[in-house]
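J.: dropping the sequence and predicted coords here.
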Amino acid sequence: MHATALSGSVALEVHVSGAGARETQRWLGRSVTVRQQAGGGLGDRLAAAAGGAIADGAPAIVLVGSDAPDLGGAHVREALDGLAGADVVLGPALDGGYYLVALSSDSSARALPALFGPRIPWGTGTVLERSLVAARASGLTVRLLEPLADIDRPEDLAVWESLLAGSERSRLDPRLSVVIPALNEESGIVSAIGSAQRAGAHEIIVADGKSDDRTAALAAEAGALVISAERGRSRQLNAGAGAASGDVLLFLHADTTVPVDAMEHVKRIMADPDVVLGSFRFSAGDTSSLVDRLISTVGDWRHRVFRLPYGDQATFVRAVDFADLGGFPDLPVMEDYEFALRCARLGRLGLASTAVRTSARAWHEHGLVRTTLTNSAVIAGYRLGIPTCTLAAWRQRVANRSPAG
């Protein structure tokens, strides 16, 4: 069961029966709160969980069961969004019940007795119907999500087996969608696309932020699907991911190329179900250049120190996990860092044994020391809680100065 705040902060609670609370807590870790489930019938238990979360100060709660294998984070976000225009959100189950119920603290005084009272015939095929009648009789507005199947009877196992088969196929032989955010990148976009094609990408999507040069035209000529997106790296990345159909999403900078065997590394890393986010090692510029080799060393040092991958390492994630995480946060800077942090809370991070190659242009233009110190200062500022708009403005001022200034 989930208690989710509208502010964006999320508290996850799991309510268990019997004497297994301590073992469940040890299994799930400290990021999840495990509580002993209340007694009584299903309605009593739901009411107790919801009422407890509201009493603890949650502005909204989402309650879910454990028997709907298609249920994901996207449904939870849609339910919370739905509370902006409705008192209650229900996720209908195909057997006549529901797999999700969401309500806000403002509507709880009416919603709890109406939805979880004794008149609801729990365990029957009319639970949803009777819940809708009770809600409307109490003056509550209701929004419905898409129907999903749940697993209640032996014959329902076919649903689970079908999902497992599809999951196993996508795990062992995933289709790779490459997403490239671009803004005035005509000098490098064709090389980036070409490297993804040679690596065996299922599709390549260029999310163009309304470039002033020939970026979009060159990308289309090179065989990529070009979409126009609102300017801003996180918004372009999310727009490109929204247009993708692959099982795994790889996010590639427009001035970066992947090795020809990139797909094999992606398959190997994502075959481990405990890995949430993967990335490649970092290298820059020309390997024959001492300066560029030093830049590559600094990039590798950055990963070792902060222990998180950055966007110029071509990160990749399962499409279902990306959706559950809500995509990249809408930040002017550090969107890749924050996304990697969120992935690290869910599972392991995988690192390929080979490197992508990124243009050393920015390092040459602004200087190795200056660029390294600027990037490190932005990371430190973010970790100290400095607003990202402040960090973005400061970084832009530094970038606009000449190296001599």
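T.: The structure has been received and is ready for your questions.

J.: so Pro181 bridges to which residues?
T.: Note on Pro181: beta-bridge partners by DSSP bridges are Ala207.

J.: how many neighbours does it have?
T.: 27 (other C-beta atoms under 10 Å). Where you see a C-beta, it was placed from the backbone N, CA and C, and this is true even at glycine.

J.: kindly report the same for Ala196.
T.: 29.

J.: repeat for Arg345
T.: There are 10 residues near Arg345, going by other C-beta under 10 Å.

J.: gap between the one helix or strand it maps to and the chain center?
T.: According to DSSP states H and E, Arg345 maps onto helix 335-346. Computed by C-alpha atoms, centre = their mean, to the nearest Å, the chain-centroid distance of helix 335-346 equals 9 Å.

J.: show me where the stretch 1-150 of the chain has its helices.
T.: With DSSP state H, counting those that start in this stretch as the criterion, the stretch 1-150 of the chain has helices at 21-28, 42-55, 73-82, 108-116, 127-137.

J.: got the ones you listed as JSON lines, with distance to Ala216 columns?
T.: Below are those laid out as JSON lines (distance: least, C-beta to C-beta, whole Å):
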{"stretch": "helix 21-28", "distance to Ala216": "46"}
{"stretch": "helix 42-55", "distance to Ala216": "47"}
{"stretch": "helix 73-82", "distance to Ala216": "29"}
{"stretch": "helix 108-116", "distance to Ala216": "49"}
{"stretch": "helix 127-137", "distance to Ala216": "47"}
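
J.: how about those in CSV, adding mean pLDDT, mean neighbour count and distance to Glu338?
T.: Listed next are the helices of the stretch 1-150 of the chain as CSV, based on pLDDT from 0 to 100; neighbours: other C-beta atoms under 10 Å; distance: least, C-beta to C-beta, whole Å:
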stretch, mean pLDDT, mean neighbour count, distance to Glu338
helix 21-28, 78, 13, 23
helix 42-55, 92, 19, 26
helix 73-82, 88, 19, 16
helix 108-116, 95, 20, 32
helix 127-137, 95, 17, 37
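
J.: tell me which of those sits nearest to Ser211.
T.: Judged by C-beta to C-beta, the one of the helices of the stretch 1-150 of the chain that comes nearest to Ser211 is helix 73-82, at 30.2 Å.

J.: list the helices and strands that closest one packs on?
T.: Counting contacts by 3 or more C-beta pairs under 8 Å, 6 or more residues apart in numbering; DSSP states H and E, helix 73-82 packs against strand 2-4, strand 60-64, strand 88-92, strand 98-104, helix 319-324.

J.: mind exporting that helix as PDB, just the C-alpha atoms?
T.: Only the C-alpha atoms of helix 73-82 are listed here, as PDB (Å, rounded to 0.1, in the frame of the first residue of the first chain):
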ATOM      1  CA  GLY A  73       4.300   3.700 -11.200                       C
ATOM      2  CA  ALA A  74       2.600   5.400 -14.100                       C
ATOM      3  CA  HIS A  75      -0.800   4.300 -12.700                       C
ATOM      4  CA  VAL A  76       0.100   5.800  -9.300                       C
ATOM      5  CA  ARG A  77       1.100   9.100 -11.000                       C
ATOM      6  CA  GLU A  78      -2.100   9.100 -13.100                       C
ATOM      7  CA  ALA A  79      -4.100   8.500  -9.900                       C
ATOM      8  CA  LEU A  80      -2.500  11.500  -8.200                       C
ATOM      9  CA  ASP A  81      -3.000  13.700 -11.200                       C
ATOM     10  CA  GLY A  82      -6.600  12.600 -11.300                       C
END
